[in-house]
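Student: Curious how this folds, go ahead:
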Amino acid sequence: MPPSCRDTLNLFESFSGQDSSVGECPKNLPCSKDWNSVHINCGGNEVSIGNITYEADLDASGAANFHRTRENWGFSSTGNFWDDNSSSNAYIANNASELRMNSPELYTSARLSPLSLTYYARCLANGKYTVTLHFAEIIITGNRSFSSLGRRLFDVYIQGKLELKDFDIENTAGGVDKPLVQKVEAVVSNKILHIRFHWAGKGTTAAPTRGTYGLLISAISIEINDNPPDNVKTTIFIVTGALVLALLLILGILWWKGCIGSRISREKGNQ
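Tutor: Reported below is the predicted structural model:
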């Protein structure tokens, strides 16, 4: 196993957003097949929503951690929660209250990171994908106490491109404990897709408790776009029509030269 694949040594793109920085570990591990989708319940157990099964993501993580769950996905986490008055850092959040929403199983837990968290999907078939990110602010409260004064801000990069800047889950969703879905289109050209969440030091750090900051993600869904775009469909129709027209033209020329009609006449005369 390459050195960068060790759980406590994180050399997989903790900070850089460029494709060229993908470490040797994700690149060199073998693939049994090309995958068209990946579904992850970040920080939670395996759960089925409709016909989609979100895989469990329960690794305890750490200050510098690389974790590969299956051949087709894993994550890397970097950072320590400072000033949290705890000897152990919690990288998974759980909501003890009842969530009144559709599919609450996806939002009851979430993965946290104080600095940088990168999920990567590998062994993917090259093509265009839809990346669906599920969020719900389950740590900051919605009452009028000190616990409601927290504000979480972070950035989201997909394939190295900044897609969400100073992203505020509570503000965008219209409150805490509310589901929020963000969809982003992405292109896979080297069988790897990476999603990086980065805390840039913005927002609060001590509400509702000290050490409450960084990023939070509830679930991730990555699916290939099966339907070709309209310009591809148009090209297919044009090519098909041109082939049919060419075939008819060739048959017409053969008939005009007597290559088809004369043969039929000779066959009738010999009967």
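
Student: Now for the closest residue to residue 219 other than its chain neighbours: which residues touch it?
Tutor: Distances taken as CB to CB, 6 or more residues apart in numbering put residue 134 closest to residue 219, at 3.8 Å, once the chain neighbours are dropped. Using the backbone N, CA and C atoms, a C-beta is placed for each residue, glycine as well. Applying CB atoms under 8 Å, 6 or more residues apart in numbering to residue 134 gives the contacts 106, 107, 179, 180, 181, 217, 218, 219, 220, 221.

Student: which regions of the stretch 51-200 of the chain lie under the pLDDT threshold?
Tutor: Along the stretch 51-200 of the chain, segments meeting pLDDT under 70 span 62-64, 69, 83-89, 96-97.

Student: how close does the nearest residue to residue 42 once chain neighbours are set aside get to residue 60?
Tutor: Nearest residue to residue 42 in three dimensions, chain neighbours excluded: residue 111, at 4.1 Å (CB to CB, 6+ apart). Residue 111 is 11 Å from residue 60, where distance means CB to CB, to the nearest Å.

Student: Same check on residue 253?
Tutor: Residue 253 is 75 Å from residue 60, by CB to CB.

Student: Same check on residue 224?
Tutor: According to CB to CB, residue 224 stands 31 Å off from residue 60.

Student: Likewise for residue 250?
Tutor: Relative to residue 60, and taking CB to CB, residue 250 is found at 69 Å.

Student: Report the contact partners of the nearest residue to residue 223 once chain neighbours are set aside.
Tutor: Take residue 223 and drop its neighbours on the chain: the residue closest to it by CB to CB, 6+ apart is residue 37, 4.6 Å away. When contacts are counted by CB under 8 Å, 6+ apart, residue 37 touches 221, 222, 223, 224.

Student: Now a PyMOL select for only the buried ones of the residues you listed.
Tutor: Buried residues among the contacts of residue 37 (16 or more other CB atoms under 10 Å), as a PyMOL selection:
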select buried, resi 221+222+224
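
Student: tell me the domain boundaries of the chain?
Tutor: 3-224, 230-269 (automatic domain parsing).

Student: Could you look over these and pick the most buried one?
Tutor: Compared across the domains of the chain, domain 3-224 shows the largest average neighbour count, a mean of 18 (mean count of other CB atoms under 10 Å).

Student: check contacts around residue 42.
Tutor: Contacts were defined as CB under 8 Å, 6+ apart; by that measure residue 42 touches 57, 109, 110, 111, 119, 217, 218, 219, 220.

Student: okay, these in JSON lines with distance to residue 48 and secondary structure next?
Tutor: Below are the contacts of residue 42 laid out as JSON lines (distance: CB to CB, whole Å; DSSP: H, G, I helix; E, B strand; the rest coil):
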{"residue": "57", "distance to residue 48": "15", "secondary structure": "strand"}
{"residue": "109", "distance to residue 48": "16", "secondary structure": "strand"}
{"residue": "110", "distance to residue 48": "19", "secondary structure": "strand"}
{"residue": "111", "distance to residue 48": "20", "secondary structure": "strand"}
{"residue": "119", "distance to residue 48": "20", "secondary structure": "strand"}
{"residue": "217", "distance to residue 48": "20", "secondary structure": "strand"}
{"residue": "218", "distance to residue 48": "16", "secondary structure": "coil"}
{"residue": "219", "distance to residue 48": "12", "secondary structure": "strand"}
{"residue": "220", "distance to residue 48": "16", "secondary structure": "strand"}
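
Student: Among those residues, list the two that are farthest apart in space.
Tutor: The largest separation in the contacts of residue 42, counting by CB to CB, is between 109 and 119 at 15.3 Å.
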